[in-house]
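Chemist: Return a 3D structure for these sequence lines:
(one chain, ligands or ions: 1)
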Amino acid sequence: MIESILTSSLCTGCGACAAVCRLKCIEMAGDKEGFLIPAVNAERCINCGLCLRICPAAAAAPEENAEKKPPLLYAAFHRDIKKRGQSTSGGAFAAIAEAVIAHGGVVFGSGFDRNYDNVVCREAADAGELEGLKKSKYVQGRMGNVYFEIEKHLNSGKLVFFSGTPCQTAGVQAYFQHRTNSERLYTCDLICHGVPSNLAWRRYKDWLSEVLGGSLSDFQFRNKEKGWKNSLRSCAVNGRKVLLRGKKLDSYCQAYYLNLMLRESCYKCPFDCKSHADITLADYWGIEKKGIFSGHDIHYGISRIEVNTARGRDFLAEMGPGLELYPADWDNRCPVKTVRPVQRDNFYQRVNDSWGAVLPLIKIPFKSRVKLMAREYLPEWILNILRNM
Ligand SMILES: Cc1cc2nc3c(=O)[nH]c(=O)nc-3n(C[C@H](O)[C@H](O)[C@H](O)COP(=O)(O)OP(=O)(O)OC[C@H]3O[C@@H](n4cnc5c(N)ncnc54)[C@H](O)[C@@H]3O)c2cc1C
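Modeler: Residues are numbered from 1 along each chain as shown. As a prediction, the model looks like this:
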């Protein structure tokens, strides 16, 4: 039974079990921390076991992929510097997604909903819709009807590019792996640190809106005003841009980096370094020191592209013209190994009341606090000198 996954807190919320259930007896419902988990209607369930067979967390990561180095590794950035600036890393996702759309395809990724209350996984079929999928959001995206929407497009012969966290991508791969119509589905995941719930995000958003005195929009987790390496949080309130300086205003991201509010399954992620996707995207931290970018402006960031499959290699060759691609043999990737802090339970007990109630739990080590303050207040050129010292 699928409950065995839930009680072991391995469930990632990918929703593949609910999508595959022919009797529609599984529904994704919010738990007390605000994460979606499968709720099984026991009266309708006939114990066919399909949900468990498809569950990527139950199957864990396939051994043959275990901690293998990716066959091909690239450092890359979008050829259009403006679009690079609008992305988290080097804009690899945007360049590939634009090519997919130009080929008549559809892109699936995660974006905020209209009021910035939730992050949801949704499709983009044109440049306007793609805007909302760009940039990292440190909130778990809800899968909703994505499985059926992908299927609809595949059935009509369309090219589909799905991009998500490793667990979401594993769900999509598991759902489509035995379906005959999946040849035109390509998947991409991200190196992922873990995801907080939409509930935690909403509590922070409501608190921040109140403190800043207006409704919030355009939240950026990695604003690159001071460059890729010195990114800060920013948002817009009543049309006015605000840089979120200081421990309290920036408390959501500080809690995120302290691993205080991640989904239980993130602390023992079975997909870290064991990708199910055709390609994997990430920040390529440190690659600029390898000298392969001389003459290029790396201010807006560099993407790391791991090509995990032969299909991924062919896909990138076709969808990569918008990218400046550099084969790389320097691999600094190591397992993320997210540690569960003792205060994590306390966090979710309190956050139901208000964001203010969790602020005392967010204790930033002195060294990190100094670094953050320097980043918030010093100009970029001084930060770059300090970094190179
Ligand atoms: C929660 C999270 C944690 C991450 N942790 C790391 C890390 O520890 N180390 C590292 O090197 N890189 C990490 N990344 C990846 C990195 O931040 C960039 O997303 C990645 O390098 C792609 O950048 P880009 O410039 O190509 O495109 P961008 O435009 O920045 O990325 C957009 C892509 O990210 C996806 N995305 C955004 N938010 C979410 C979300 N909440 N859930 C699922 N997909 C989402 C979009 O669907 C789209 O595919 C993380 C990303 C996320 C979302």
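Chemist: who in the chain is up against the ligand?
Modeler: 87-94, 109-110, 119, 133-139, 141, 163-165, 190-193, 195, 281-283, 303, 336 (CB under 6 Å from any ligand atom). For every residue, glycine as well, the C-beta is placed using N, CA and C.
Chemist: can you map out the strands along the stretch 1-150 of the chain?
Modeler: With DSSP state E, counting those that start in this stretch as the criterion, the stretch 1-150 of the chain has strands at 26-30, 36-40, 72-78, 106-112, 119-124.
Chemist: what lines up beside the fourth one in the sheet?
Modeler: In the sheet containing strand 106-112, the strands it pairs with under DSSP bridges are strand 119-124 (antiparallel), strand 160-164 (parallel).
Chemist: Alpha carbons of stretch 271-282, as CSV, please.
Modeler: Output of stretch 271-282 as CSV, limited to C-alpha atoms (Å, rounded to 0.1, in the frame of the first residue of the first chain):
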residue,chain,number,x,y,z
PHE,A,271,17.7,11.3,-6.3
ASP,A,272,20.7,13.4,-5.4
CYS,A,273,23.5,12.6,-7.9
LYS,A,274,21.3,9.9,-9.4
SER,A,275,19.4,11.8,-12.0
HIS,A,276,16.5,10.3,-13.9
ALA,A,277,16.5,13.2,-16.4
ASP,A,278,18.0,13.6,-19.9
ILE,A,279,19.9,16.7,-18.7
THR,A,280,20.6,18.3,-15.4
LEU,A,281,21.1,22.1,-14.8
ALA,A,282,22.9,23.9,-12.0
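Chemist: returning to what we had before: deepest in the core, which of the strands paired with strand 106-112 is it.
Modeler: strand 160-164 (a mean of 25; mean count of other CB atoms under 10 Å).
Chemist: Can you lay out the strands of the stretch 1-150 of the chain as CSV showing distance to Ala328?
Modeler: Supplementary listing: the strands of the stretch 1-150 of the chain in CSV, determined by distance: least, CB to CB, whole Å:
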stretch, distance to Ala328
strand 26-30, 38
strand 36-40, 37
strand 72-78, 5
strand 106-112, 24
strand 119-124, 29
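Chemist: mind checking which of those is nearest Asp345?
Modeler: Minimum separation from Asp345 across the strands of the stretch 1-150 of the chain (CB to CB) falls at strand 36-40, 17.0 Å.
Chemist: Centre of the chain to the closest one, how far?
Modeler: When distances are taken as CA atoms, centre = their mean, to the nearest Å, strand 36-40 is centred 21 Å away from the chain's centroid.
Chemist: what angle sits between it and strand 26-30?
Modeler: If you take axes from the mean of the first three to the mean of the last three CA atoms, to 10 degrees, strand 36-40 sits at 140 degrees to strand 26-30.
Chemist: My read is that Glu306 contacts Leu72, right?
Modeler: Yes. Contact status for Glu306 versus Leu72: in contact at 7.5 Å, counting by CB atoms under 8 Å.
Chemist: higher neighbour count, those two?
Modeler: Glu306 (23 against 17; other CB atoms under 10 Å).
Chemist: Note down every partner strand of the helix or strand where the more buried one lies and its orientation.
Modeler: Assigned by DSSP states H and E, Glu306 belongs to strand 303-307. Sheet pairing of strand 303-307 (DSSP bridges) gives strand 72-78 (antiparallel), strand 279-283 (antiparallel).
Chemist: want to throw those strands into JSON lines with mean pLDDT?
Modeler: Rendered in JSON lines, the data for the strands paired with strand 303-307 read as follows (pLDDT from 0 to 100):
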{"stretch": "strand 72-78", "mean pLDDT": "94"}
{"stretch": "strand 279-283", "mean pLDDT": "96"}
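Chemist: could you dump the ones you listed to TSV with distance to Cys235?
Modeler: What follows is the strands paired with strand 303-307, written out as TSV (distance: least, CB to CB, whole Å):
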stretch	distance to Cys235
strand 72-78	24
strand 279-283	22
